[in-house]
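1. Structure here, sequence nowhere to be found:
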RNA sequence: UGGGGAUUGGUGUAACGGUAGCACGACUGACUCUGACUCAGUUAGUCAAGGUUCAAAUCCUUGAUCCCCAGCCA
């Protein structure tokens, strides 16, 4: 992996550490498994296999980066495969959006994508393998490993058995001939939906319920987005998936943790197909087919959001958000629209590494990754979200001074451009205080501040309306400070050092723009943990729209998708809703704000409340520390504590143990 | 109560019988024409109890807690 600027999201630190999958690959390689590629490295061929039944979200991005990253790291290949075995839930719209999103995320590697470049393995559809899968199924019937079952779905459920009680099916012992005949009838549309299934004959008493004769095929008289009306018989995931991997000669079939107890089934199916097959193809069944290794890892779950397709769909359909790409959503389409970069997403997903530990990823960590990347690449501009007018009393009316504005202090090659300074300007309302609180060092009466790249000004007074609201600030400028530089004394050192530098906009040369300020969609780290209903934790203020004063040059030059840092405010991205002359900006993320953070109530202030809450946990005090460390989330939810508060509480308890009971 | 997983600072993650390290956060300070960035420093951890060993996060035993599993979804 190179360290090109486009690759800046990847820190060398975490590339040094191998995740458990890489450890496994290296160990397998040492044992001679999988063979080698052209470069003599372990052969690695991965895939990302989404079902096209929804939009991809940031959790999928982790899987994409993991799989694609492995291919890049080992000089292997990566396939995008649609696992489209259930026509009821799948749509072409999703097929299109997923391809777009996978291309976008993989672009962060600077090494092509699934369909171009050195690691392109190609684009595949499980539905294109239906014929082969069908042939393998007949083979299993002939080998006595599968049978047609006439039980209905309800009957199967009733007969599933339970812990220690085996399942039953009266159709288990049909002859091969009868099974074959019935299975062909199923394929030929002779039976209605649900009338019959093909089941694998494994073990009705298995403690692993997935092995209690799982269904391989169900009848679904349904149009498929790819195969149309050709089939009315569709394979189930467990039967289909291993075959898909095998046909594509995948080495490592990476999926999420909930499939761990499907792995025995994955292996059973592949072994059943390979039974009687030989390396050279001699014998009745032909050549052995590849048997990939299924590996499971924990999902990527950010705090302050919901991730399941069902819930995301509900938000879209109920109008909580404006669509799948509403910038508040965790979908990749939304993140892209909001201004996130694929490099930042890659960085944060890789930083959390592939493990088997299920946890949450702080949303703050994700936000931090975008800040880091955008700080390096985003050109600066000035905008005032909540303007208040400042009149420079000693600046001649009508005079315009063209000053130099540094486009990106982090990138000297970005250069400078001109900005206009005039008698009337706007500054941010929160940058002025008539009676400044302690620690406030922005503009207030009698105080001198610097205007970024412009002049030092000193506040001389305010103008108020009848209600006492400040409508205008009066100030004077210092002509010796042009460009924002202090005059220097005889020793060459600056004679003035204002404590604050404010952003500003010329009132005479500015433009108006809609700016959409997003906040987290939910007010709880784990929506629904408290009440069981995630809707209860919706943040009513997740979207705020303001009319802002922006740098005049942005009016004509800003293009959809373009990203800026509005100095001192955050990173912003031009939304597709923009019209010529009427740009719309999305706030991707704010800048860190140490002053604002300091103004928040300290955790210790609320500690007594927390102790009370802790007692209400109704857990023995002597076990409090343990309970909080292990099941803190659930208990805290019941006590309506936030995670931050639990952390504070844990620290407090360390220093002040509660009395033993 | 069956099966499958998991547990290391606030969070995430390394260490694979031999110095518990890294990143992020938080806190201090320095720097600064963004209260940003950057830099320096501080803070803080092996789920518990036994056992094996010169030596245990790592091996053994017992227990605790959390997650997943009885779709003709994936």
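-> That came through, no problem. Owing to the predicted nature of the structure, the values given are computational and were not obtained by experimental measurement.
2. What ranges does the stretch 51-200 of chain A have for its helices?
-> A:58-74, A:92-106, A:130-142, A:153-158, A:176-187 (DSSP state H, counting those that start in this stretch).
3. Out of those, the one nearest RNA strand B is which?
-> For RNA strand B, the closest of these is helix A:153-158, at 3.8 Å, according to C-beta to the nearest atom of the strand. Every C-beta, even on glycine, is put in place using the N, C-alpha and C of the backbone.
4. Need the per-residue pLDDT for residue A:51.
-> Looking at residue A:51, its pLDDT reads 97.
5. I'd like to know the phi and psi angles of the residue nearest to it when sequence neighbours are not counted, please.
-> Once flanking residues are discounted, residue A:51 sits nearest to residue A:83: 4.9 Å by C-beta to C-beta, 6 or more residues apart in numbering. Residue A:83 has phi and psi values of phi -90, psi 70 when expressed as degrees, to the nearest 10.
6. mind checking how far residue A:83 is from RNA strand B?
-> Here the criterion is C-beta to the nearest atom of the strand, to the nearest Å. By it, residue A:83 lies 3 Å from RNA strand B.
7. That residue contacts residue A:126, doesn't it?
-> Yes: counting by C-beta atoms under 8 Å, residue A:83 touches residue A:126, with 5.1 Å between them.
8. thinking again about what came up before, I'd like the helices of the stretch 51-200 of chain A written out as a markdown table, with distance to RNA strand B added.
-> A markdown table is the format used below for the helices of the stretch 51-200 of chain A (distance: least, C-beta to the nearest atom of the strand, whole Å):
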| stretch | distance to RNA strand B |
| --- | --- |
| helix A:58-74 | 11 |
| helix A:92-106 | 12 |
| helix A:130-142 | 12 |
| helix A:153-158 | 4 |
| helix A:176-187 | 10 |
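9. mind checking pLDDT for the residue of chain A positioned farthest from its centre?
-> In chain A, the residue that sits farthest from the middle, by C-alpha atoms, centre = their mean, is residue A:490; the gap is 55.8 Å. Looking at residue A:490, its pLDDT is 86.
10. What distance do you get for it to residue A:470?
-> From residue A:490 across to residue A:470, the span is 40 Å (C-beta to C-beta, to the nearest Å).
11. hey, what's residue A:550 bridged with?
-> For residue A:550, the beta-bridge partners under DSSP bridges are residue A:383, residue A:511.
12. Residues of the stretch 151-300 of chain A that sit close to RNA strand B?
-> Within the stretch 151-300 of chain A, the positions lying close to RNA strand B (C-beta under 7 Å from any atom of the strand) are A:151-153, A:155-157, A:160, A:162-164, A:193-197, A:207-210, A:214-215, A:218-220, A:234-238, A:241, A:257-262, A:298.
13. how close does residue A:518 get to RNA strand B?
-> 18 Å.
14. ok, that residue - contacts?
-> Contact analysis of residue A:518 by C-beta atoms under 8 Å, 6 or more residues apart in numbering lists A:327, A:328, A:338, A:542, A:543, A:586, A:587.
15. Now for residue A:238, how many residues are close by?
-> 18 (other C-beta atoms under 10 Å).
16. Would you agree it falls within a helix?
-> Yes: looking at residue A:238 with DSSP: H, G, I helix; E, B strand; the rest coil, it is inside a helix.
17. Need the distance between the two termini of stretch A:137-153.
-> 21 Å (C-alpha to C-alpha, to the nearest Å).
18. Over to stretch A:534-548?
-> With C-alpha to C-alpha, one end of stretch A:534-548 sits 33 Å from the other.
19. do stretch A:555-568 as well
-> 20 Å.
20. That one near RNA strand B at all?
-> Yes: applying C-beta under 7 Å from any atom of the strand, one finds stretch A:555-568 touching RNA strand B at A:565, A:567, A:568.
21. isn't residue A:50 right up against residue A:83?
-> Yes: counting by C-beta under 8 Å, residue A:50 touches residue A:83, with 6.6 Å between them.
22. Pull out the buried positions in stretch A:354-361.
-> Buried residues in stretch A:354-361, counted by 16 or more other C-beta atoms under 10 Å: A:354, A:360, A:361.
23. Before we move on, what's the pLDDT of the first one?
-> Residue A:354 carries a pLDDT value of 95.
24. between the helices of the stretch 51-200 of chain A, which gets nearest to residue A:311?
-> Residue A:311 sits nearest to helix A:58-74 of all those, at 12.6 Å, using C-beta to C-beta.
25. Now do the closest one and helix A:92-106, the angle between them.
-> 50 degrees (axes from the mean of the first three to the mean of the last three C-alpha atoms, to 10 degrees).
26. re earlier: weed out the non-buried ones from the contacts of residue A:518.
-> Buried among these (16+ other C-beta under 10 Å): A:327, A:328, A:338, A:542, A:543, A:586, A:587.
27. Regarding the fourth one, what are the backbone dihedral angles?
-> Phi and psi for residue A:542, reported as degrees, to the nearest 10, are phi -80, psi -10.
28. Tell me if I'm right that it and residue A:517 touch.
-> No: using C-beta under 8 Å, residue A:542 is not in contact with residue A:517; the gap is 9.5 Å.
29. Confirm that residue A:596 sits in a helix.
-> Yes: assessed with three-state DSSP, residue A:596 lies in a helix.
30. what's the neighbour count on it?
-> 10.
31. got a pLDDT number for it?
-> 80.
32. Can you add mean neighbour count and distance to residue A:311 and give the helices of the stretch 51-200 of chain A back as JSON lines?
-> Listed next are the helices of the stretch 51-200 of chain A as JSON lines, based on neighbours: other C-beta atoms under 10 Å; distance: least, C-beta to C-beta, whole Å:
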{"stretch": "helix A:58-74", "mean neighbour count": "25", "distance to residue A:311": "13"}
{"stretch": "helix A:92-106", "mean neighbour count": "19", "distance to residue A:311": "17"}
{"stretch": "helix A:130-142", "mean neighbour count": "18", "distance to residue A:311": "31"}
{"stretch": "helix A:153-158", "mean neighbour count": "12", "distance to residue A:311": "25"}
{"stretch": "helix A:176-187", "mean neighbour count": "17", "distance to residue A:311": "35"}
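33. Residue A:271: which of these is closest?
-> Checked against C-beta to C-beta, the stretch from these lying closest is helix A:130-142, at 10.9 Å.
34. How about the contacts made by the residue farthest from the centre of chain A?
-> By C-beta under 8 Å, 6+ apart, residue A:490 has no neighbours at all.
35. Return a PyMOL selection command for the buried portion of the residues of the stretch 151-300 of chain A next to RNA strand B.
-> Those of those that count as buried under 16+ other C-beta under 10 Å are selected in PyMOL with:
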select buried, chain A and resi 151+156+196+197+210+214+215+218+219+220+234+235+236+237+238+241+259+262+298
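36. Of the residues of the stretch 151-300 of chain A next to RNA strand B, which belong to strands?
-> A:197, A:215, A:218, A:219, A:234, A:235 (DSSP state E).
37. give the contact list for the last one.
-> Residues in contact with residue A:235 (C-beta under 8 Å, 6+ apart) are A:85, A:126, A:130, A:133, A:137, A:216, A:217.
38. so what's it bridging to?
-> residue A:217.
39. near RNA strand B at all, stretch A:576-593?
-> Yes: Stretch A:576-593 is in contact with RNA strand B by C-beta under 7 Å from any atom of the strand, via A:591, A:592, A:593.
40. Highest neighbour count among those?
-> Of the residues of stretch A:576-593 next to RNA strand B, with other C-beta under 10 Å as the count, residue A:591 tops at 15 neighbours.
41. Which per-residue confidence value corresponds to that one?
-> pLDDT at residue A:591 comes out at 96.
42. Please name the nearest non-neighbouring residue to it.
-> residue A:570 (5.1 Å).
43. thought that neighbour was touching residue A:585?
-> No: the criterion here is C-beta under 8 Å, and residue A:570 misses it with residue A:585 at 10.2 Å.
44. and the residue of the stretch 401-550 of chain A found nearest RNA strand B, what are its phi and psi?
-> Proximity of the stretch 401-550 of chain A to RNA strand B (C-beta to the nearest atom of the strand) peaks at residue A:484, 2.3 Å away. Here is the backbone geometry of residue A:484 (degrees, to the nearest 10): phi 90, psi 10.
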